[in-house]
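In: What shape does this take:
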Amino acid sequence: MKVVLLAGGFGTRLSEETERKPKPMVEIGGKPILWHIMKMYAHYGFQEYVICLGYMGYVIKEYFLHYFEHMSDITVDLSCGSTSIHNSKSDPWKVTLVDTGLHTNTGGRIKRIQSFVGNDPFMLTYGDGVGDIPIDRLLQFHRTHGKAATVTAVKPMGRFGSLHINETGVVEEFVEKPAGDGSWINGGFFVLEPSVFSLIDSDQSIWERAPMEQLADEGQLVAYRHEGFWKPMDTLRDKNELERLWETNQAPWQVWS
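Out: Down below sits the predicted model:
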């Protein structure tokens, strides 16, 4: 089963980083967040990826074109220009990089890679969010209900600390970054049947609007509830928080080590 990654957006809320690179290439621990997401899927045996490119897509192409060499020890014979590879630590991935347009919306990007997926079910997620989602259980869940689409539902953490104040104004409890309002939200990490392509009509289609709304209206969208860690990298604050977790060996998404 192939994994489709949406990696074409402008990442305007992370402009401190995305003026120089697309958001999926912003690094956590010296590796692009896109790499972290792919390592998560690879841990569960998924090795084929289709990456939907857009804004600065050439940066992602360059990264994977040279990935094998960058993950290997190399001898270069300068007299003839030949190279020898030693001790490669490259991953056994097959990566298809597709230019899905600069201004194409999420639904349109999915539609544009239909020929690379064919008539098979596929995984789909965003190129800027990580979590400790058990991908094997997610897929098993999808196969049991027989519907067209599964979305991973998550509960985001609150952004600020919470004060519990009594009637006299005394703070009885302080909770740093408690759970949000309790609502389940779209956390990405979809499993989709090929029938979803028929719900996307143009480049301007937004996956999270008409296609998902129609799936829900028809009873074809099922939520896999994930109570564990999930975090998108929307802002510099988010990026720094993910970096801190990685550097202190507390990254819950690092399921591959």
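
In: all helices in the stretch 151-257 of the chain, in order from the N-terminus.
Out: In the stretch 151-257 of the chain, helices defined by DSSP state H, counting those that start in this stretch lie at 210-217, 236-247, listed in chain order.

In: Need the outlier residue of this structure, farthest from its centre.
Out: Most distant residue from the mean C-alpha position of the chain: residue 168, 46.1 Å away (Cα atoms, centre = their mean).

In: and it, how far is that from residue 31?
Out: Using Cβ to Cβ, to the nearest Å, residue 168 is found at 51 Å from residue 31. Glycine gets a C-beta too; all of them are placed from N, C-alpha and C.

In: Next: residue 13.
Out: 21 Å.

In: Any idea how many residues pack against residue 243?
Out: 17 (other Cβ atoms under 10 Å).

In: Tell me how many other residues surround residue 69.
Out: Neighbours around residue 69, by other Cβ under 10 Å: 13.

In: show me what contacts it?
Out: Going by Cβ atoms under 8 Å, 6 or more residues apart in numbering, residue 69 touches 83, 85.

In: One more pass at 10 Å, please.
Out: 83, 85, 88, 90 (Cβ atoms under 10 Å, 6 or more residues apart in numbering).

In: can you check residue 78 too?
Out: No contacts exist for residue 78 under Cβ under 10 Å, 6+ apart.

In: neighbours of the residue nearest to residue 232 when sequence neighbours are not counted, just the number please.
Out: Spatially, and ignoring its direct neighbours in sequence, residue 232 is nearest to residue 129 (4.0 Å; Cβ to Cβ, 6 or more residues apart in numbering). For residue 129, the count of nearby residues is 23 (other Cβ under 10 Å).

In: For residue 129, give its distance to residue 12.
Out: 16 Å.

In: do residue 248 as well
Out: Distance from residue 248 to residue 12, by Cβ to Cβ: 29 Å.

In: now residue 84
Out: Separation of residue 84 from residue 12 (Cβ to Cβ): 44 Å.

In: Repeat that for residue 223.
Out: With Cβ to Cβ as the criterion, residue 223 and residue 12 are 28 Å apart.

In: May I have stretch 107-115 as PDB, with CA atoms only?
Out: What follows is stretch 107-115, C-alpha atoms only, in PDB (Å, rounded to 0.1, in the frame of the first residue of the first chain):
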ATOM      1  CA  GLY A 107      -8.200  17.900  -3.000                       C
ATOM      2  CA  GLY A 108      -6.700  18.800  -6.300                       C
ATOM      3  CA  ARG A 109      -3.300  17.500  -5.300                       C
ATOM      4  CA  ILE A 110      -4.800  14.200  -4.300                       C
ATOM      5  CA  LYS A 111      -6.700  14.000  -7.700                       C
ATOM      6  CA  ARG A 112      -3.400  14.700  -9.600                       C
ATOM      7  CA  ILE A 113      -1.700  11.600  -8.200                       C
ATOM      8  CA  GLN A 114      -4.500   9.200  -9.000                       C
ATOM      9  CA  SER A 115      -2.600   7.500 -11.700                       C
END
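
In: Quick check: buried residues in that stretch?
Out: 107-113 (16 or more other Cβ atoms under 10 Å).
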